[in-house]
Each structure stands twice: as structure tokens, then as C-alpha cells.
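Peer 1: With the input below, show me the fold.
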Amino acid sequence: MQQQRNKRARSAYRTGKRLPKGPNGGIQLLLIQSVDSLGKQGDVVEVKRGYAINYLLPQGLATFATDHHRRMVEKHKAMLLEIQKQRLAGLRELADLIAEKTVSIEANANAEGQLYGSVGAEEIVHALKLEGVAISTDQVRLEGPLKELAQYKVRIYLGHEVETSLNVWVVPTAGNA
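Peer 2: So this is what the prediction gives:
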């Protein structure tokens with residue numbers, strides 16, 4: 001499939017077929033996928049001929065801006081938008097679940113409450129996993145490692161602008177109590 005698309009793009013260039021020109025003299029293409037610094041999926045963009053022939057078309061990132069292709073991309077975008085809405089609803093439910101939770105993490109500390117080590121994102125993720133909530137360490141937003149016995153509010157970023165906070169208690173280990 002990819003090879004056929006590459007051959008068509010190159011053959012259009014070699015045979016001298018006219019490529020769709022934009023108002024500024026560049027090649028007008030419809031983006032199949034989002035391209036950084038160029039546009040989002042479904043945008044009609046105007047690029048230089050070499051960029052279109054050598055990169056966008058062979059990589060399958062863009063196609064010629066025909067009405068048929070525009071309809072296909074719009075249909076695909078509508079489907080992706082519905083999937084995105086469902087994912088966002090799931091993330092909001094997870095955020096509400098996390099906000100209700102309180103986790104306790106045991107750590108070795110001295111008499112003044114200073115930890116001998118620190119509590120980081122890995123420990124928080126592990127404690128949440130024991131509560132039945134699975135997140136990754138890069139979703140935990142700490143302003144620094146937790147180095148004292150105390151209660152902390154830890155921000156959890158779930159993605160797509162969905163953020164919540166988690167109550168974390170850092171308590172002494174059973175032998176230190």
C-alpha cells in the first residue's frame with residue numbers, strides 16, 4: 001500500500017502531471033496525519049514541491065487535496081473525535097476515583113521525622129496499584145521528593161488536560177513507630 005502511494009507520487013512528478021497548485025504557487029495537499037509545524041490532520045496546506053514529493057507524499061503523511069480525500073479524512077476525524085470523547089470520559093472517572101483515595105507509604109525516619117531516603121513517584125504508583133488504580137510514574141507530578149513524615153497533596157496528570165490530586169501519608173515503618 002505504502003509502496004503504491006510512493007510510486008504514484010513519484011510517477012506524477014516524473015510524468016509531468018500537474019500537481020494541485022495553491023494560491024501562492026506551492027503544492028496544495030491534504031494532511032492525512034498531523035505534522036509538527038505544518039498542520040493537523042485534515043488541514044489543507046500549501047508546501048513547496050520538493051517537500052511534497054520527497055517527504056510528505058512518500059511517508060504517507062499527506063495526499064492530494066481532492067473532494068473525495070477531504071470527505072474520507074472528515075469521516076475519519078469524526079470517528080477519532082468520538083473515541084477521544086470516550087477516552088476523556090474514562091480519564092475523568094479515573095480522576096474522580098483517585099481524588100477519593102488516600103494512600104499511606106511507610107518509610108524509615110529519624111526522631112525528628114526526617115526520612116533516611118525519600119519517597120518518589122515509584123512508591124506512589126506502587127501504593128496506588130495496591131489500591132487497584134494503575135497509573136505510570138510520569139503521570140505523578142511531584143515538586144520534589146517527599147523527605148518528611150507528613151501528609152502531602154500530590155498532583156496526578158492523567159492526560160488531555162485532566163488532572164487530580166491524591167492524598168499521600170508518609171508514615172514511619174512499623175518498627176520505627
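Peer 1: Tell me which helix or strand Val168 sits in.
Peer 2: Assigned by DSSP states H and E, Val168 belongs to strand 162-172.
Peer 1: got any ranges where this structure has weak pLDDT?
Peer 2: Applying pLDDT under 70 to the predicted model, the residue ranges of the chain that meet it are 1-18, 175-177.
Peer 1: residue contacts, the residue most central in space within it?
Peer 2: In the chain, the centroid-proximal residue (C-alpha atoms, centre = their mean) is Gly159; its distance is 6.5 Å. With contacts defined as C-beta atoms under 8 Å, 6 or more residues apart in numbering, Gly159 is in contact with Leu91, Gln139. Placement of C-beta: from N, CA and C, glycine included.
Peer 1: Spell out the secondary structure type for the residue in the chain sticking out farthest from the centre.
Peer 2: Most distant residue from the mean C-alpha position of the chain: Ala111, 43.1 Å away (C-alpha atoms, centre = their mean). Following DSSP: H, G, I helix; E, B strand; the rest coil, we place Ala111 in the coil state.
Peer 1: what do you get for Ala174?
Peer 2: On the basis of three-state DSSP, Ala174 is classed as coil.
Peer 1: How about it: what's its closest non-neighbour residue?
Peer 2: Counting by C-beta to C-beta, 6 or more residues apart in numbering, the nearest residue to Ala174 once its immediate chain neighbours are dropped is Glu106, at 7.1 Å.
Peer 1: List the beta-bridge partners for that neighbour.
Peer 2: Using DSSP bridges, the bridge partners assigned to Glu106 are Val171.
Peer 1: tally of neighbours for the nearest residue to Leu146 once chain neighbours are set aside?
Peer 2: With C-beta to C-beta, 6+ apart as the criterion, Leu146 has its nearest non-adjacent residue at 4.0 Å, and that residue is Val119. Counted with other C-beta atoms under 10 Å, the neighbours of Val119 add up to 22.
Peer 1: Go ahead and confirm Val119 touches Val170.
Peer 2: Yes: with contact defined as C-beta atoms under 8 Å, Val119 counts as touching Val170 (5.4 Å).
Peer 1: what are the ranges of the helices in the chain?
Peer 2: Secondary structure of the chain by DSSP state H: the helices cover 2-14, 49-51, 67-100, 121-130.
Peer 1: List just the one of the ones you listed that sits closest to Gln41.
Peer 2: Comparing the helices of the chain against Gln41 with C-beta to C-beta, the closest turns out to be helix 67-100 (6.4 Å).
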